[in-house]
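>>> Prediction below, plus the sequence it came from.
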Amino acid sequence: MDSKAKAMKAAGENVVGFGAGEPDFPTPVHIVDAAIEACRDPKNHRYSPAGGLPELKQAIADKTKRDSGYAVEAAQVLVTNGGKHAVYTAFAALCDPGDEVLLPAPYWTTYPESITLAGGVPVVIETGDETGFKVTVDQLEAARTERTKVLLFVSPDNPSGAVYTPAEVAAIGEWAVEHGVWVVTDEIYEHLTYGAHEFASMPTLVPDLAEQCLVVNGVAKTYAMTGWRVGWMIGPTDVVKASSNFQSHATSNVANVSQRAALAAVAGPLDDVVMMREAFTRRGTTMHGMLNDIDGVTCIEPQGAFYCFPNMSGLLGRDIGGSVAATTLELADLVLDQAKVAFVPGEAFGAPGYARFSFALGDADLEEGIRRLAELVG
Ligand SMILES: Cc1ncc(COP(=O)(O)O)c(C=O)c1O
């Protein structure tokens, strides 16, 4: 869908794209300035420690204590080539062939691929809008077997926008401790929550989990730095050391200039993300309201990240501009052709019947795109 939408745009068609998984804001100026300065310093023109610049590792440890209350040491931090690389590294470190990883759906498309690349077996646990797309301890327990090694947990969630309450996070963490299940917890959207919904870090709420928990995070979403490629993994020192050795042979250090930019980001203020959060709150509210006004579409409130994840099943089997879609995959294709609106069908996230609409785009485009969808299917 994405490449088709891009090809249509390149051909001059006026496509409104809701596929973006990145903030539409530029990286804050003080971060860019730090990178420019770093470019001019010859020490950044050389190899540096594979696991990350020591100053950055310390700043990430400090920032983790500041933002989520989780006290860790620099030796527990591995700097990676984006959060995605941290996800891959986490599963590569933990999974032996055949180990099962519990994966609540809808899931970010990279998770099952990373698990499989590491030799693990994704065990998908379905959730739906009736439970706010949140997995329960009962579901986890029902899916647990002798081979269960890891649970993938993410809140705020991509694609559903769900944010678990502190009580829900704690209950899942306690279940993991009780059964010796590792948790890979992805905190990349920690600062993007809306209204009364707040991020809660699992190892902070359940300190006993620390020895069986890997935290994944990065600068991409909080500081509008998707292209800079800096993320990190936090975990027990032995896992981090082994992962650092692995990284030294796979990729060596993350680009020094990007690491210096990330240092300015994590050691600096959170003012820019406050501004982004305001814009995303406004856009999420608009999108949520407009989607629910469409007959055949129902959408729960986005609580975090920057996605609405509406249930589109009411549009399936219906005559839309002379065509009928049987699946959300077909619907996405039809809407792109007829209304020039691109969204990601739920099939991509293991959740057919739903669709992901990013609200990381300008207000006018957002309204225009949903209006076009409403006119087409109305
Ligand atoms: C849930 C989640 N985790 C991790 C990432 C990785 O981000 P990056 O590799 O750009 O740091 C993304 C990006 O879309 C994401 O949505």
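Cool, got the structure. Numbers count the residues shown, from 1 in each chain.
>>> Quick check on residue 297: phi, psi?
Residue 297 adopts backbone torsions of phi -120, psi 130, taken as degrees, to the nearest 10.
>>> Now for residue 293, how many residues are close by?
As a burial measure, residue 293 scores 12 neighbours (other Cβ atoms under 10 Å). Backbone N, C-alpha and C define where each C-beta goes, glycine included.
>>> Looks like it contacts residue 374 (just checking).
Yes: at 6.9 Å, residue 293 counts as touching residue 374 under the criterion of Cβ atoms under 8 Å.
>>> Quick check: the gap between the residue of the chain most remote from its centre and residue 343.
Farthest-out residue of the chain from its mean C-alpha position, per Cα atoms, centre = their mean: residue 322, at 36.5 Å. Relative to residue 343, residue 322 is positioned 20 Å away (Cβ to Cβ, to the nearest Å).
>>> quick check, the lowest-mean-pLDDT helix or strand in the chain touching the ligand?
Least confident helix or strand of the chain, by mean pLDDT, DSSP states H and E, is helix 2-10 with a mean of 88. No: taking Cβ under 6 Å from any ligand atom as the criterion, helix 2-10 and the ligand are apart, separated by no less than 12.9 Å.
>>> in that helix, what counts as buried?
Of all the residues in helix 2-10, those buried under the rule 16 or more other Cβ atoms under 10 Å are 5, 8.
>>> What of stretch 16-29?
Quick answer for stretch 16-29 (16+ other Cβ under 10 Å): 16, 17, 18, 19, 20, 21, 23, 24, 27, 28.
>>> which among those gets closest to the ligand?
residue 21 (4.1 Å; Cβ to the nearest ligand atom).
>>> picking up where we left off before, if we look at the least confident helix or strand of the chain, which residues are touching it?
15, 17, 19, 333, 336, 340, 342, 344 (Cβ atoms under 8 Å, 6 or more residues apart in numbering).
>>> Same list, those, but as JSON lines with pLDDT, secondary structure and distance to the ligand please.
Putting these into JSON lines (pLDDT from 0 to 100; DSSP: H, G, I helix; E, B strand; the rest coil; distance: Cβ to the nearest ligand atom, whole Å) gives the following:
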{"residue": "15", "pLDDT": "96", "secondary structure": "coil", "distance to the ligand": "21"}
{"residue": "17", "pLDDT": "94", "secondary structure": "strand", "distance to the ligand": "15"}
{"residue": "19", "pLDDT": "91", "secondary structure": "coil", "distance to the ligand": "11"}
{"residue": "333", "pLDDT": "95", "secondary structure": "helix", "distance to the ligand": "23"}
{"residue": "336", "pLDDT": "96", "secondary structure": "helix", "distance to the ligand": "21"}
{"residue": "340", "pLDDT": "96", "secondary structure": "coil", "distance to the ligand": "24"}
{"residue": "342", "pLDDT": "97", "secondary structure": "strand", "distance to the ligand": "17"}
{"residue": "344", "pLDDT": "97", "secondary structure": "strand", "distance to the ligand": "12"}
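>>> Spatially, which two of the residues you listed are the most separated?
340 and 344 (15.7 Å; Cβ to Cβ).
>>> Quick one: residues contacting residue 84.
Here residue 84 is in contact with 110, 231 (Cβ under 8 Å, 6+ apart).
>>> Can you tell me how far it is from residue 63?
According to Cβ to Cβ, residue 84 and residue 63 sit 20 Å apart.
>>> How about residue 46?
Counting by Cβ to Cβ, the gap from residue 46 to residue 63 is 26 Å.
>>> Over to residue 302?
25 Å.
>>> In terms of neighbours, single out the busier of the two.
residue 302 (30 against 19).
>>> Could you tell me how many residues sit around the nearest residue to the more buried one once chain neighbours are set aside?
Spatial nearest neighbour of residue 302, chain neighbours left out: residue 161 (3.6 Å); criterion: Cβ to Cβ, 6 or more residues apart in numbering. Neighbours of residue 161 under the rule other Cβ under 10 Å: 30.
>>> can you tell if stretch 238-251 touches the ligand?
No: using Cβ under 6 Å from any ligand atom, stretch 238-251 stays clear of the ligand, coming no nearer than 13.4 Å.
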